[in-house]
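Participant: predicted model follows, preceded by the sequence.
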Amino acid sequence: MSKHGKVLVAMSGGIDSTVTAMMLHEEGYEVVGITMKTWDYANSGGSKKETGCCSLDSINDAREVAVNMGFHHFIIDIRDEFGDYVIDNFVEEYMAGRTPNPCVLCNTHIKWNALLKRADALDCAFIATGHYARIGEHDGRKFISRSADDHKDQSYVLWGLSQECLDRSRFPLGPYTKPEVRQMAADFGYEALSKKAESYEICFVPDNDYRGFLKRRVDGLEASLVGGNFINTNGELLGQHQGYPFYTVGQRKGLGLAFGQPMYVTEIQPDTNTVVLGTVDELVRNGMSVYKVNSMKYAQIPDGLEAVTKIRYKDRGALSRLTNNNGKVEVEFYANVKGVAPGQSAVFYEGDDVVGGGIIHSSVLNNN
């Protein structure tokens with residue numbers, strides 16, 4: 001009989017999920033390991049050798065840990081679910097002139113749903129992952145909070161989790177730093193694993209070439225869009241580009257033209273295959289509109305709440321005021337921010353606590 005109940009652990013074969021499973025096993029949980037096959041690298045058409053969470057080596061690594069620790073391990077195929085939702089959305093967002101965050105979408109709509117479904121089938125009360133995050137509680141509601149490791153903190157990508165998901169989730173690595181987790185792996189006898197390199201790529205774009213991925217997924221894309229216009233914020237023609245989906249707001253490098261001063265993508269206009277360029281001063285925004293909002297800490301985002309808003313994973317965040325507007329949240333930044341990209345996630349923090357988050361719909365120009 002287990003001490004704390006039965007927990008389904010998502011195991012990728014990497015150091016974080018492996019240590020998660022070993023920690024819970026040592027704590028007295030009845031651990032069941034599960035590895036999700038989300039993507040075939042052969043289908044990506046990229047040039048990089050198969051690596052990462054979906055590779056055969058990673059699956060075998062996860063299974064080996066389970067065998068050594070004496071708990072059950074299953075492999076589930078969710079390629080159809082993943083492809084239909086995450087990859088189709090990825091392509092559709094770029095074709096709409098937006099910059100998607102597939103990891104957020106995968107966590108919210110694919111991985112947790114798949115885990116909960118299998119947890120129920122295997123009679124597991126809890127699910128656990130190797131994310132660097134913590135779970136807090138306020139007035140009976142669960143919410144995500146930052147981890148102890150500022151560099152590895154993954155609270156940003158978990159803003160979309162529902163109360164049901166949070167109620168059953170466990171994040172054992174939240175109180176620890178990455179070096180501490182590496183040491184734990186070594187202490188458990190997995191010296192080689194403790195030195196295993198990390199992957200920061202999108203799992204279905206293993207060569208990090210999202211432009212090449214789009215070209216392979218959308219027939220005739222490059223030929224149909226080449227020759228679009230670069231214009232400045234006054235509408236003046238600056239040159240030709242290779243197609244609007246191949247650029248993102250805030251981009252400076254890879255424009256293919258010399259301007260005598262740094263120029264950035266400030267806006268993408270898909271209807272006319274136009275990319276607007278501006279100086280760093282023209283890139284700044286003092287507000288934005290966020291939709292598809294998920295409120296965590298409160299039943300709804302408090303109107304007028306002062307929060308730190310992050311607009312990308314590695315963003316430090318900016319102090320802002322939040323206003324509810326018919327299901328959307330209007331964000332007013334107290335100091336101008338650069339690179340507000342429609343399609344990316346906006347996550348609202350009170351201290352270390354995630355109040356909620358959503359998808360950036362549009363930005364507000366700085367008129368100061």
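Facilitator: Structure received. A quick note: this is a predicted structure, and the numbers were derived from the prediction, not measured.
Participant: if I look at residue 230, how far off is residue 339?
Facilitator: Per Cβ to Cβ, to the nearest Å, residue 230 is found 18 Å from residue 339. The way it works is simple: take the backbone N, C-alpha and C, and place the C-beta from them, glycine included.
Participant: try residue 87
Facilitator: Going from residue 87 to residue 339 by Cβ to Cβ gives 25 Å.
Participant: please apply the same query to residue 363.
Facilitator: Distance, residue 363 to residue 339, by Cβ to Cβ: 9 Å.
Participant: likewise residue 64?
Facilitator: Residue 64 is 42 Å from residue 339, where distance means Cβ to Cβ.
Participant: the more surrounded of these two?
Facilitator: Using other Cβ atoms under 10 Å, the more surrounded residue of residue 64 and residue 339 is residue 339, with 22 against 15.
Participant: for the more buried one, phi and psi?
Facilitator: Dihedral angles of residue 339 (phi, psi; degrees, to the nearest 10) stand at phi 80, psi 40.
Participant: please verify my assumption that it contacts residue 252.
Facilitator: No: using Cβ atoms under 8 Å, residue 339 is not in contact with residue 252; the gap is 9.9 Å.
Participant: quick one: common contacting residues for these two?
Facilitator: Shared contacts of residue 339 and residue 252, defined by Cβ atoms under 8 Å, 6 or more residues apart in numbering, comprise residue 264.
Participant: report how many residues lie close to residue 269.
Facilitator: 14.
Participant: ok, it - contacts?
Facilitator: Residue 269 touches 97, 244, 275-276, counting by Cβ under 8 Å, 6+ apart.
Participant: ranking the residues you listed by neighbours, who comes first?
Facilitator: Per-residue neighbour counts (other Cβ under 10 Å) across the contacts of residue 269 peak at residue 275, which has 29 neighbours.
Participant: picking that back up, any chance of the contacts of residue 269 in TSV, plus secondary structure?
Facilitator: Output for the contacts of residue 269, formatted as TSV (DSSP: H, G, I helix; E, B strand; the rest coil):
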residue	secondary structure
97	coil
244	helix
275	strand
276	strand
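Participant: quick one: which of these is nearest residue 202?
Facilitator: Nearest to residue 202, judged by Cβ to Cβ, of those is residue 97 at 18.9 Å.
Participant: mind listing what's buried in the helix or strand harbouring residue 332?
Facilitator: Residue 332 belongs to strand 328-338 when assigned by DSSP states H and E. Going by neighbour count (16 or more other Cβ atoms under 10 Å), the buried part of strand 328-338 is 328-331, 333, 337-338.
Participant: pLDDT weak spots in the stretch 151-300 of the chain?
Facilitator: Low-confidence regions of the stretch 151-300 of the chain, defined here as pLDDT under 70, cover residues 199-201.
Participant: could I get the full set of helices for it?
Facilitator: Using DSSP state H, counting those that start in this stretch, the helices of the stretch 151-300 of the chain run over residues 163-168, 178-187, 191-194, 210-217, 221-225, 280-283.
Participant: export these to TSV and tack on mean neighbour count?
Facilitator: Shown next, in TSV, are these (neighbours: other Cβ atoms under 10 Å):
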stretch	mean neighbour count
helix 163-168	16
helix 178-187	16
helix 191-194	14
helix 210-217	18
helix 221-225	15
helix 280-283	16
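Participant: which stretch among those comes nearest residue 132?
Facilitator: Closest of the helices of the stretch 151-300 of the chain to residue 132 is helix 178-187, at 7.6 Å (criterion: Cβ to Cβ).
Participant: ok so, going back, turn the helices of the stretch 151-300 of the chain into JSON lines, columns for distance to residue 111.
Facilitator: As requested, the helices of the stretch 151-300 of the chain are exported to JSON lines (distance: least, Cβ to Cβ, whole Å):
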{"stretch": "helix 163-168", "distance to residue 111": "10"}
{"stretch": "helix 178-187", "distance to residue 111": "20"}
{"stretch": "helix 191-194", "distance to residue 111": "22"}
{"stretch": "helix 210-217", "distance to residue 111": "21"}
{"stretch": "helix 221-225", "distance to residue 111": "29"}
{"stretch": "helix 280-283", "distance to residue 111": "34"}
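Participant: nearest to residue 83, of those?
Facilitator: Residue 83 lies closest to helix 210-217 among those, at 10.5 Å (Cβ to Cβ).
Participant: for the nearest residue to residue 277 once chain neighbours are set aside, grab phi and psi.
Facilitator: With Cβ to Cβ, 6 or more residues apart in numbering as the criterion, residue 277 has its nearest non-adjacent residue at 4.5 Å, and that residue is residue 263. When read as degrees, to the nearest 10, the backbone of residue 263 gives phi -120, psi 140.
Participant: thought residue 263 was touching residue 278?
Facilitator: Yes: using Cβ under 8 Å, residue 263 makes contact with residue 278 at a distance of 6.8 Å.
Participant: ok, the two, which is more surrounded?
Facilitator: The neighbour count for residue 263 versus residue 278, taken as other Cβ under 10 Å, is higher for residue 263 (21 against 17).
Participant: how close does the more buried one sit to residue 351?
Facilitator: Separation of residue 263 from residue 351 (Cβ to Cβ): 37 Å.
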